[in-house]
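Participant: Just need the structure, nothing else, for what follows:
(chains A and B)
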2 protein chains.
Amino acid sequence: MAARRMTLVFDLDGTLVDSVYQHVVAWHHALLEAGIELSIWRIHRRIGMSGGLFTRALLRETGREFDPELLERLRHAHAEAYNRLSGDVQPLPGAVALLARLTAIGCPWGIATSGRMETAAPVIAKLGVPEGVPIITRDMVAHAKPDPDLFLAAIDRLGVEPGEVYVVGDSVWDLLAARRAGTLGIGLLSGGYGTEELERAGAYRVYDDPAMLLAHLDELGVREG
Amino acid sequence: MAARRMTLVFDLDGTLVDSVYQHVVAWHHALLEAGIELSIWRIHRRIGMSGGLFTRALLRETGREFDPELLERLRHAHAEAYNRLSGDVQPLPGAVALLARLTAIGCPWGIATSGRMETAAPVIAKLGVPEGVPIITRDMVAHAKPDPDLFLAAIDRLGVEPGEVYVVGDSVWDLLAARRAGTLGIGLLSGGYGTEELERAGAYRVYDDPAMLLAHLDELGVREG
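Facilitator: Have a look, this model is predicted:
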(Lines give C-alpha, C1' and ligand atoms only; values in the text may rest on other atoms or scores of the structure.)
Protein backbone atom coordinates (compact mmCIF):
# COMPACT_ATOMS: atom_id res chain seq x y z
CA MET A 1 0.00 0.00 0.00
CA ALA A 2 1.43 3.40 -1.03
CA ALA A 3 1.77 6.01 1.74
CA ARG A 4 -0.98 8.63 1.67
CA ARG A 5 0.48 11.97 0.51
CA MET A 6 -1.09 15.24 1.51
CA THR A 7 -1.37 18.37 -0.65
CA LEU A 8 -1.94 21.96 0.58
CA VAL A 9 -4.14 24.66 -0.98
CA PHE A 10 -3.77 28.13 0.55
CA ASP A 11 -6.04 31.12 0.73
CA LEU A 12 -4.08 34.37 0.17
CA ASP A 13 -5.29 37.42 2.19
CA GLY A 14 -4.87 36.82 5.93
CA THR A 15 -3.35 33.38 5.30
CA LEU A 16 -0.11 34.08 3.41
CA VAL A 17 -0.10 37.90 3.38
CA ASP A 18 -1.08 40.37 6.11
CA SER A 19 -3.69 42.33 4.15
CA VAL A 20 -7.07 41.69 5.80
CA TYR A 21 -7.24 44.84 7.94
CA GLN A 22 -6.29 47.09 5.02
CA HIS A 23 -9.05 45.48 2.92
CA VAL A 24 -11.54 45.97 5.77
CA VAL A 25 -10.71 49.66 6.27
CA ALA A 26 -10.76 50.20 2.47
CA TRP A 27 -14.24 48.61 2.13
CA HIS A 28 -15.50 50.74 5.02
CA HIS A 29 -14.20 53.87 3.29
CA ALA A 30 -15.79 52.87 -0.04
CA LEU A 31 -19.18 52.14 1.59
CA LEU A 32 -19.13 55.40 3.55
CA GLU A 33 -18.37 57.36 0.35
CA ALA A 34 -21.50 55.78 -1.16
CA GLY A 35 -23.52 56.84 1.89
CA ILE A 36 -23.71 53.30 3.33
CA GLU A 37 -22.94 53.25 7.07
CA LEU A 38 -21.92 49.83 8.30
CA SER A 39 -19.89 48.87 11.37
CA ILE A 40 -16.35 47.82 10.52
CA TRP A 41 -16.45 44.55 12.50
CA ARG A 42 -19.38 43.42 10.31
CA ILE A 43 -17.27 44.07 7.20
CA HIS A 44 -14.41 42.09 8.80
CA ARG A 45 -16.74 39.13 9.40
CA ARG A 46 -17.73 39.11 5.67
CA ILE A 47 -14.24 39.52 4.19
CA GLY A 48 -13.04 36.48 2.23
CA MET A 49 -16.43 35.91 0.60
CA SER A 50 -16.74 36.65 -3.08
CA GLY A 51 -17.03 40.42 -3.66
CA GLY A 52 -20.49 39.98 -5.18
CA LEU A 53 -21.85 37.90 -2.28
CA PHE A 54 -20.12 40.22 0.17
CA THR A 55 -21.73 43.33 -1.27
CA ARG A 56 -25.14 41.64 -1.49
CA ALA A 57 -24.87 40.59 2.15
CA LEU A 58 -23.84 44.06 3.32
CA LEU A 59 -26.58 45.78 1.33
CA ARG A 60 -29.10 43.34 2.80
CA GLU A 61 -27.91 44.19 6.33
CA THR A 62 -28.37 47.89 5.60
CA GLY A 63 -31.75 47.33 3.92
CA ARG A 64 -30.58 48.59 0.50
CA GLU A 65 -31.44 47.05 -2.85
CA PHE A 66 -28.72 45.27 -4.80
CA ASP A 67 -27.69 47.34 -7.80
CA PRO A 68 -24.94 46.23 -10.27
CA GLU A 69 -23.95 49.84 -10.99
CA LEU A 70 -23.47 50.53 -7.26
CA LEU A 71 -21.49 47.28 -6.90
CA GLU A 72 -19.11 48.39 -9.66
CA ARG A 73 -18.71 51.83 -8.02
CA LEU A 74 -17.98 50.22 -4.63
CA ARG A 75 -15.41 47.84 -6.14
CA HIS A 76 -13.62 50.74 -7.77
CA ALA A 77 -13.64 52.88 -4.59
CA HIS A 78 -12.40 49.89 -2.55
CA ALA A 79 -9.51 49.21 -4.95
CA GLU A 80 -8.50 52.88 -4.82
CA ALA A 81 -8.57 53.04 -0.99
CA TYR A 82 -6.79 49.69 -0.70
CA ASN A 83 -4.00 50.84 -3.02
CA ARG A 84 -3.34 53.79 -0.70
CA LEU A 85 -2.88 51.37 2.25
CA SER A 86 -1.30 48.37 0.52
CA GLY A 87 2.28 49.68 0.63
CA ASP A 88 2.34 48.32 4.20
CA VAL A 89 1.22 44.80 3.17
CA GLN A 90 3.84 42.15 4.02
CA PRO A 91 3.94 38.33 3.81
CA LEU A 92 2.85 36.86 7.16
CA PRO A 93 5.60 35.47 9.43
CA GLY A 94 6.77 32.12 8.12
CA ALA A 95 4.81 32.30 4.85
CA VAL A 96 7.82 32.44 2.54
CA ALA A 97 9.69 29.78 4.57
CA LEU A 98 6.64 27.47 4.67
CA LEU A 99 6.12 27.57 0.89
CA ALA A 100 9.85 27.05 0.29
CA ARG A 101 9.85 24.08 2.67
CA LEU A 102 6.88 22.45 0.90
CA THR A 103 8.60 22.91 -2.45
CA ALA A 104 11.87 21.51 -1.05
CA ILE A 105 10.25 18.31 0.30
CA GLY A 106 8.23 17.80 -2.89
CA CYS A 107 4.84 18.41 -1.25
CA PRO A 108 2.51 19.85 -3.92
CA TRP A 109 0.70 23.11 -3.12
CA GLY A 110 -1.39 25.85 -4.72
CA ILE A 111 -3.14 29.17 -3.97
CA ALA A 112 -6.88 29.91 -4.34
CA THR A 113 -8.12 33.42 -3.58
CA SER A 114 -11.45 35.28 -3.74
CA GLY A 115 -9.44 38.30 -4.97
CA ARG A 116 -8.85 39.19 -8.59
CA MET A 117 -5.49 38.76 -10.34
CA GLU A 118 -4.91 42.54 -10.48
CA THR A 119 -4.89 42.88 -6.66
CA ALA A 120 -3.43 39.43 -5.97
CA ALA A 121 -0.42 39.57 -8.34
CA PRO A 122 1.64 42.21 -6.43
CA VAL A 123 1.39 40.31 -3.10
CA ILE A 124 1.98 36.91 -4.74
CA ALA A 125 5.21 38.40 -6.16
CA LYS A 126 6.41 38.99 -2.56
CA LEU A 127 5.95 35.28 -1.71
CA GLY A 128 8.47 33.85 -4.17
CA VAL A 129 6.08 31.39 -5.84
CA PRO A 130 7.93 29.01 -8.22
CA GLU A 131 6.70 28.51 -11.75
CA GLY A 132 4.11 25.79 -12.21
CA VAL A 133 2.34 26.35 -8.88
CA PRO A 134 -1.42 26.69 -9.59
CA ILE A 135 -2.84 30.09 -8.66
CA ILE A 136 -6.63 30.30 -8.90
CA THR A 137 -8.26 33.75 -8.70
CA ARG A 138 -11.83 35.01 -8.69
CA ASP A 139 -11.65 35.71 -12.43
CA MET A 140 -11.23 31.99 -13.20
CA VAL A 141 -14.35 30.44 -11.59
CA ALA A 142 -18.11 31.02 -11.60
CA HIS A 143 -18.60 31.29 -7.82
CA ALA A 144 -16.18 32.33 -5.07
CA LYS A 145 -16.14 31.27 -1.39
CA PRO A 146 -18.09 29.95 0.46
CA ASP A 147 -18.76 28.02 -2.78
CA PRO A 148 -16.07 25.35 -3.28
CA ASP A 149 -15.21 26.29 -6.90
CA LEU A 150 -11.89 28.02 -6.18
CA PHE A 151 -10.55 25.13 -4.11
CA LEU A 152 -11.89 22.52 -6.53
CA ALA A 153 -10.17 24.28 -9.44
CA ALA A 154 -6.85 24.24 -7.54
CA ILE A 155 -7.29 20.56 -6.64
CA ASP A 156 -8.05 19.75 -10.26
CA ARG A 157 -4.91 21.57 -11.44
CA LEU A 158 -2.85 19.72 -8.82
CA GLY A 159 -4.26 16.40 -10.06
CA VAL A 160 -5.11 15.05 -6.59
CA GLU A 161 -8.25 13.88 -4.78
CA PRO A 162 -10.05 16.21 -2.29
CA GLY A 163 -9.49 13.67 0.49
CA GLU A 164 -5.73 14.17 0.15
CA VAL A 165 -5.94 17.96 0.55
CA TYR A 166 -5.66 20.41 3.43
CA VAL A 167 -7.16 23.80 2.65
CA VAL A 168 -5.46 26.51 4.76
CA GLY A 169 -7.44 29.69 5.41
CA ASP A 170 -8.06 32.45 7.96
CA SER A 171 -11.81 32.98 7.59
CA VAL A 172 -14.99 31.09 8.31
CA TRP A 173 -15.73 31.24 4.56
CA ASP A 174 -12.52 29.37 3.72
CA LEU A 175 -13.39 26.61 6.17
CA LEU A 176 -16.98 26.28 4.96
CA ALA A 177 -15.80 26.12 1.33
CA ALA A 178 -13.11 23.58 2.33
CA ARG A 179 -15.81 21.27 3.70
CA ARG A 180 -17.96 21.62 0.60
CA ALA A 181 -14.88 20.71 -1.47
CA GLY A 182 -14.46 17.52 0.56
CA THR A 183 -11.13 18.60 2.09
CA LEU A 184 -9.87 19.16 5.64
CA GLY A 185 -9.68 22.85 6.61
CA ILE A 186 -6.80 24.31 8.65
CA GLY A 187 -7.56 27.65 10.33
CA LEU A 188 -5.03 30.45 10.92
CA LEU A 189 -5.63 33.26 13.42
CA SER A 190 -3.66 35.72 11.28
CA GLY A 191 -6.82 37.15 9.66
CA GLY A 192 -8.06 38.35 13.05
CA TYR A 193 -10.84 35.84 13.81
CA GLY A 194 -11.08 33.99 17.12
CA THR A 195 -10.07 30.33 17.52
CA GLU A 196 -13.61 29.24 18.38
CA GLU A 197 -15.15 30.86 15.28
CA LEU A 198 -12.78 28.84 13.11
CA GLU A 199 -13.29 25.61 15.05
CA ARG A 200 -17.06 26.01 14.84
CA ALA A 201 -16.79 26.42 11.06
CA GLY A 202 -15.10 23.02 10.96
CA ALA A 203 -11.34 23.65 11.30
CA TYR A 204 -9.46 20.38 11.71
CA ARG A 205 -6.61 22.30 13.43
CA VAL A 206 -6.05 26.00 14.22
CA TYR A 207 -2.59 27.65 14.25
CA ASP A 208 -1.52 31.25 14.82
CA ASP A 209 0.04 31.86 11.42
CA PRO A 210 2.16 30.21 8.67
CA ALA A 211 5.21 30.12 10.99
CA MET A 212 3.34 28.01 13.53
CA LEU A 213 1.94 25.78 10.78
CA LEU A 214 5.49 25.24 9.49
CA ALA A 215 6.61 24.22 12.98
CA HIS A 216 3.76 21.66 13.18
CA LEU A 217 3.85 20.06 9.72
CA ASP A 218 4.55 16.67 11.34
CA GLU A 219 1.20 16.87 13.16
CA LEU A 220 -0.43 16.97 9.72
CA GLY A 221 1.55 14.09 8.26
CA VAL A 222 3.17 16.41 5.72
CA ARG A 223 6.57 14.87 5.10
CA GLU A 224 9.27 14.32 2.57
CA GLY A 225 8.75 11.61 -0.02
CA MET B 1 -35.68 47.77 51.06
CA ALA B 2 -34.67 50.17 48.27
CA ALA B 3 -34.52 48.71 44.73
CA ARG B 4 -30.98 48.05 43.54
CA ARG B 5 -30.06 50.61 40.85
CA MET B 6 -27.46 49.83 38.21
CA THR B 7 -24.92 52.29 36.75
CA LEU B 8 -23.04 51.93 33.45
CA VAL B 9 -19.41 52.77 32.69
CA PHE B 10 -18.44 52.61 29.01
CA ASP B 11 -15.17 52.08 27.25
CA LEU B 12 -14.88 54.39 24.18
CA ASP B 13 -13.04 52.89 21.14
CA GLY B 14 -14.92 49.87 19.74
CA THR B 15 -17.67 50.28 22.35
CA LEU B 16 -19.25 53.67 21.59
CA VAL B 17 -17.30 54.68 18.47
CA ASP B 18 -16.16 52.59 15.49
CA SER B 19 -12.45 53.39 15.67
CA VAL B 20 -10.64 50.12 16.54
CA TYR B 21 -9.61 49.11 13.01
CA GLN B 22 -8.24 52.57 12.21
CA HIS B 23 -6.18 52.46 15.44
CA VAL B 24 -4.90 48.98 14.54
CA VAL B 25 -3.84 49.94 11.00
CA ALA B 26 -2.26 53.18 12.34
CA TRP B 27 -0.20 51.26 14.96
CA HIS B 28 0.93 48.81 12.29
CA HIS B 29 2.07 51.69 10.10
CA ALA B 30 3.93 53.36 13.02
CA LEU B 31 5.70 50.11 13.97
CA LEU B 32 6.68 49.38 10.36
CA GLU B 33 8.13 52.90 10.01
CA ALA B 34 10.31 52.12 13.05
CA GLY B 35 11.44 48.85 11.42
CA ILE B 36 9.30 46.66 13.72
CA GLU B 37 7.43 43.98 11.75
CA LEU B 38 4.47 42.61 13.64
CA SER B 39 1.34 40.88 12.32
CA ILE B 40 -1.73 43.12 12.41
CA TRP B 41 -3.96 40.60 14.21
CA ARG B 42 -1.49 40.59 17.11
CA ILE B 43 -1.81 44.39 17.34
CA HIS B 44 -5.61 44.03 17.27
CA ARG B 45 -5.47 41.58 20.18
CA ARG B 46 -3.46 44.11 22.27
CA ILE B 47 -5.52 47.22 21.46
CA GLY B 48 -7.37 48.65 24.47
CA MET B 49 -4.44 48.13 26.82
CA SER B 50 -2.59 51.18 28.03
CA GLY B 51 -0.25 52.48 25.31
CA GLY B 52 2.77 51.84 27.53
CA LEU B 53 1.84 48.23 28.34
CA PHE B 54 0.82 47.70 24.72
CA THR B 55 4.17 48.86 23.38
CA ARG B 56 6.09 46.86 25.99
CA ALA B 57 4.11 43.74 25.07
CA LEU B 58 4.67 44.23 21.34
CA LEU B 59 8.38 44.89 21.77
CA ARG B 60 8.67 41.77 23.92
CA GLU B 61 6.98 39.70 21.17
CA THR B 62 9.47 41.01 18.63
CA GLY B 63 12.41 40.52 21.00
CA ARG B 64 13.26 44.25 21.18
CA GLU B 65 14.28 46.17 24.30
CA PHE B 66 11.86 48.70 25.74
CA ASP B 67 13.11 52.22 25.12
CA PRO B 68 11.19 55.36 26.26
CA GLU B 69 12.48 57.40 23.31
CA LEU B 70 11.22 54.76 20.85
CA LEU B 71 7.87 54.64 22.68
CA GLU B 72 7.46 58.40 22.26
CA ARG B 73 8.34 58.15 18.55
CA LEU B 74 5.83 55.31 18.03
CA ARG B 75 3.09 57.26 19.84
CA HIS B 76 3.70 60.25 17.62
CA ALA B 77 3.72 58.19 14.39
CA HIS B 78 0.54 56.38 15.47
CA ALA B 79 -1.29 59.65 16.19
CA GLU B 80 -0.27 61.01 12.78
CA ALA B 81 -1.39 57.86 10.89
CA TYR B 82 -4.62 57.67 12.92
CA ASN B 83 -5.47 61.30 12.13
CA ARG B 84 -5.26 60.50 8.40
CA LEU B 85 -7.84 57.69 8.86
CA SER B 86 -10.05 59.14 11.60
CA GLY B 87 -12.26 61.23 9.30
CA ASP B 88 -14.18 57.96 8.72
CA VAL B 89 -14.75 57.33 12.46
CA GLN B 90 -18.46 57.28 13.38
CA PRO B 91 -20.43 56.51 16.55
CA LEU B 92 -21.42 52.82 16.57
CA PRO B 93 -25.08 52.01 15.73
CA GLY B 94 -27.29 52.82 18.71
CA ALA B 95 -24.55 54.55 20.74
CA VAL B 96 -26.09 58.02 20.69
CA ALA B 97 -29.61 56.60 21.30
CA LEU B 98 -28.39 54.37 24.16
CA LEU B 99 -26.68 57.23 26.02
CA ALA B 100 -29.70 59.50 25.48
CA ARG B 101 -32.00 56.77 26.81
CA LEU B 102 -29.90 56.28 29.96
CA THR B 103 -29.92 60.03 30.56
CA ALA B 104 -33.69 60.18 29.98
CA ILE B 105 -34.50 57.44 32.51
CA GLY B 106 -32.09 58.87 35.09
CA CYS B 107 -29.65 55.97 34.95
CA PRO B 108 -26.17 57.34 35.79
CA TRP B 109 -23.34 56.60 33.36
CA GLY B 110 -19.75 57.55 32.53
CA ILE B 111 -16.92 56.90 30.07
CA ALA B 112 -13.46 55.48 30.87
CA THR B 113 -10.91 55.14 28.04
CA SER B 114 -7.26 54.06 27.70
CA GLY B 115 -6.91 56.86 25.14
CA ARG B 116 -5.70 60.37 25.88
CA MET B 117 -8.00 63.41 25.95
CA GLU B 118 -6.48 64.80 22.70
CA THR B 119 -7.60 61.76 20.64
CA ALA B 120 -10.77 61.05 22.67
CA ALA B 121 -12.26 64.57 22.66
CA PRO B 122 -13.21 64.73 18.92
CA VAL B 123 -15.09 61.41 19.01
CA ILE B 124 -16.75 62.16 22.36
CA ALA B 125 -18.06 65.35 20.73
CA LYS B 126 -19.93 63.17 18.18
CA LEU B 127 -21.74 61.28 20.97
CA GLY B 128 -23.65 64.21 22.45
CA VAL B 129 -22.46 63.72 26.04
CA PRO B 130 -24.36 65.99 28.47
CA GLU B 131 -22.46 68.15 30.95
CA GLY B 132 -21.66 66.47 34.24
CA VAL B 133 -21.06 62.99 32.83
CA PRO B 134 -17.68 61.75 34.13
CA ILE B 135 -15.11 61.14 31.38
CA ILE B 136 -11.92 59.46 32.59
CA THR B 137 -8.94 59.34 30.20
CA ARG B 138 -5.45 57.83 30.37
CA ASP B 139 -4.01 61.19 31.47
CA MET B 140 -5.98 61.08 34.75
CA VAL B 141 -4.85 57.76 36.29
CA ALA B 142 -1.56 56.00 37.08
CA HIS B 143 -2.29 52.73 35.26
CA ALA B 144 -4.59 51.96 32.33
CA LYS B 145 -6.39 48.69 31.45
CA PRO B 146 -6.12 45.85 32.32
CA ASP B 147 -5.51 47.66 35.65
CA PRO B 148 -8.83 48.75 37.15
CA ASP B 149 -7.82 52.39 37.81
CA LEU B 150 -9.82 53.95 34.93
CA PHE B 151 -13.05 52.19 35.89
CA LEU B 152 -12.52 52.80 39.62
CA ALA B 153 -12.01 56.52 38.95
CA ALA B 154 -15.29 56.65 36.99
CA ILE B 155 -17.13 54.74 39.74
CA ASP B 156 -15.74 57.10 42.34
CA ARG B 157 -16.90 60.15 40.36
CA LEU B 158 -20.35 58.58 39.97
CA GLY B 159 -20.54 58.03 43.75
CA VAL B 160 -21.68 54.39 43.53
CA GLU B 161 -20.39 50.99 44.68
CA PRO B 162 -18.61 48.63 42.18
CA GLY B 163 -21.29 45.97 42.81
CA GLU B 164 -23.89 48.33 41.30
CA VAL B 165 -21.91 48.85 38.08
CA TYR B 166 -21.85 47.28 34.63
CA VAL B 167 -18.66 48.02 32.71
CA VAL B 168 -19.33 47.87 28.95
CA GLY B 169 -16.34 47.15 26.69
CA ASP B 170 -15.29 45.46 23.45
CA SER B 171 -11.92 43.98 24.43
CA VAL B 172 -10.61 41.28 26.70
CA TRP B 173 -8.70 44.02 28.60
CA ASP B 174 -11.92 45.86 29.43
CA LEU B 175 -13.46 42.70 30.86
CA LEU B 176 -10.36 41.77 32.87
CA ALA B 177 -10.19 45.31 34.30
CA ALA B 178 -13.94 45.19 35.01
CA ARG B 179 -13.44 42.10 37.17
CA ARG B 180 -10.53 43.62 39.06
CA ALA B 181 -12.75 46.66 39.74
CA GLY B 182 -15.40 44.38 41.26
CA THR B 183 -17.98 45.11 38.56
CA LEU B 184 -19.86 42.99 36.02
CA GLY B 185 -18.48 43.26 32.48
CA ILE B 186 -20.66 43.43 29.38
CA GLY B 187 -18.92 42.53 26.11
CA LEU B 188 -19.70 44.07 22.70
CA LEU B 189 -18.61 42.43 19.42
CA SER B 190 -18.21 45.84 17.75
CA GLY B 191 -14.44 45.92 18.39
CA GLY B 192 -13.99 42.82 16.23
CA TYR B 193 -13.31 40.12 18.86
CA GLY B 194 -15.15 36.81 18.94
CA THR B 195 -17.95 36.04 21.41
CA GLU B 196 -15.98 33.26 23.08
CA GLU B 197 -12.91 35.43 23.70
CA LEU B 198 -15.11 37.90 25.59
CA GLU B 199 -16.98 35.20 27.50
CA ARG B 200 -13.72 33.55 28.53
CA ALA B 201 -12.47 36.89 29.85
CA GLY B 202 -15.52 36.96 32.12
CA ALA B 203 -18.29 38.76 30.20
CA TYR B 204 -21.60 38.54 32.06
CA ARG B 205 -23.43 39.09 28.75
CA VAL B 206 -22.26 39.68 25.15
CA TYR B 207 -24.16 41.85 22.64
CA ASP B 208 -23.37 42.86 19.05
CA ASP B 209 -23.18 46.60 19.62
CA PRO B 210 -24.78 49.52 21.54
CA ALA B 211 -28.03 49.15 19.52
CA MET B 212 -28.45 45.56 20.70
CA LEU B 213 -27.56 46.53 24.28
CA LEU B 214 -30.22 49.26 24.15
CA ALA B 215 -32.80 46.70 22.98
CA HIS B 216 -31.90 44.42 25.93
CA LEU B 217 -31.65 46.89 28.82
CA ASP B 218 -34.46 45.05 30.61
CA GLU B 219 -32.32 41.89 30.73
CA LEU B 220 -29.83 43.88 32.77
CA GLY B 221 -32.38 45.36 35.14
CA VAL B 222 -31.66 48.88 33.91
CA ARG B 223 -34.93 50.72 34.33
CA GLU B 224 -36.50 54.04 35.03
CA GLY B 225 -36.70 55.33 38.61
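Participant: Excluding chain neighbours, what is closest to the residue of chain A found nearest chain B?
Facilitator: Nearest residue of chain A to chain B: A:G194, at 2.7 Å (C-beta to the nearest C-beta). The C-beta positions use only the backbone N, C-alpha and C, and glycine is treated the same way. The shortest distance from A:G194 to any non-neighbouring residue, by C-beta to C-beta, 6 or more residues apart in numbering or on different chains, is to B:G194 (2.7 Å).
Participant: Next: A:A215.
Facilitator: The nearest residue in space to A:A215 (C-beta to C-beta, 6+ apart) is A:G94, at 8.0 Å.
Participant: isn't the one you found right next to A:L214, touching?
Facilitator: Yes: in this structure, A:G94 is within contact of A:L214 by C-beta atoms under 8 Å, at 5.0 Å.
Participant: Can you tell me the strand partners of the one helix or strand A:I186 maps to and which way each runs?
Facilitator: Taking DSSP states H and E as the definition, A:I186 sits inside strand A:184-188. Counting by DSSP bridges, the strands paired with strand A:184-188 are strand A:165-169 (parallel), strand A:205-207 (parallel).
Participant: A:R101 - how many residues pack around it?
Facilitator: Applying other C-beta atoms under 10 Å in any protein chain shown, we find 14 residues neighbouring A:R101.
Participant: Surely it is within a helix?
Facilitator: Yes: counting by DSSP: H, G, I helix; E, B strand; the rest coil, A:R101 is part of a helix.
Participant: dump the residue contacts of the residue nearest to A:G194.
Facilitator: A:Y193, A:G194, A:T195, A:E196, A:E197 (C-beta atoms under 8 Å, 6 or more residues apart in numbering or on different chains).
Participant: What sits closest to the last one if chain neighbours are left out?
Facilitator: Distances taken as C-beta to C-beta, 6+ apart place B:G194 nearest to A:E197, at 4.9 Å, with adjacent residues excluded.
Participant: Then the fourth one?
Facilitator: Taking C-beta to C-beta, 6+ apart as the measure, A:E196 lies nearest to B:E196, with 3.8 Å between them; neighbours along the chain are not counted.
Participant: Show me which positions of the lowest-mean-pLDDT helix or strand in chain A end up buried.
Facilitator: Ranking every helix and strand in chain A by mean pLDDT, DSSP states H and E puts helix A:51-61 at the bottom, with a mean of 76. In terms of neighbour count (16 or more other C-beta atoms under 10 Å in any protein chain shown), helix A:51-61 has its buried residues at A:G51, A:G52, A:L53, A:F54, A:T55, A:L58, A:L59.
Participant: Packing partners of that helix?
Facilitator: Secondary-structure packing of helix A:51-61 (3 or more C-beta pairs under 8 Å, 6 or more residues apart in numbering or on different chains; DSSP states H and E): helix A:40-46, helix A:68-85.
Participant: Please work out which of the ones you listed is packed deepest.
Facilitator: helix A:40-46 (a mean of 23; mean count of other C-beta atoms under 10 Å in any protein chain shown).
Participant: any residues touching that one, and which ones?
Facilitator: Here helix A:40-46 has contacts from A:20, A:24-25, A:27-28, A:31, A:54, A:57-58, A:61, A:172, A:192, B:18, B:20-21, B:189-192, using C-beta under 8 Å, 6+ apart.
Participant: Let's test this: mean pLDDT of that helix, rounded?
Facilitator: Across helix A:40-46, the average pLDDT comes to 92.
Participant: if we can go back for a sec, redo the helices and strands packed on helix A:51-61 as a markdown table? Include distance to A:H143.
Facilitator: Formatted as a markdown table, the helices and strands packed on helix A:51-61 follow (distance: least, C-beta to C-beta, whole Å):
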| stretch | distance to A:H143 |
| --- | --- |
| helix A:40-46 | 16 |
| helix A:68-85 | 16 |
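Participant: out of these, which comes closest to B:T183?
Facilitator: helix A:40-46 (23.8 Å; C-beta to C-beta).
Participant: contacts for stretch A:215-225?
Facilitator: Outside stretch A:215-225, the residues touching it (C-beta under 8 Å, 6+ apart) are A:3-6, A:8, A:94, A:101-102, A:105-107, A:166, A:186, A:205, A:207.
Participant: Just the buried residues of that stretch, please?
Facilitator: In stretch A:215-225, counting by 16+ other C-beta under 10 Å, buried: A:L217, A:L220, A:V222.
Participant: pLDDT value on the first one, please?
Facilitator: We have a pLDDT of 96 for A:L217.
Participant: ok, the closest residue to A:D170 other than its chain neighbours - contacts?
Facilitator: Among residues not flanking A:D170 along the chain, A:G191 sits closest, at 2.8 Å (C-beta to C-beta, 6+ apart). Applying C-beta under 8 Å, 6+ apart to A:G191 gives the contacts A:D13, A:G14, A:T15, A:V20, A:I47, A:G48, A:G169, A:D170, A:S171, B:W41.
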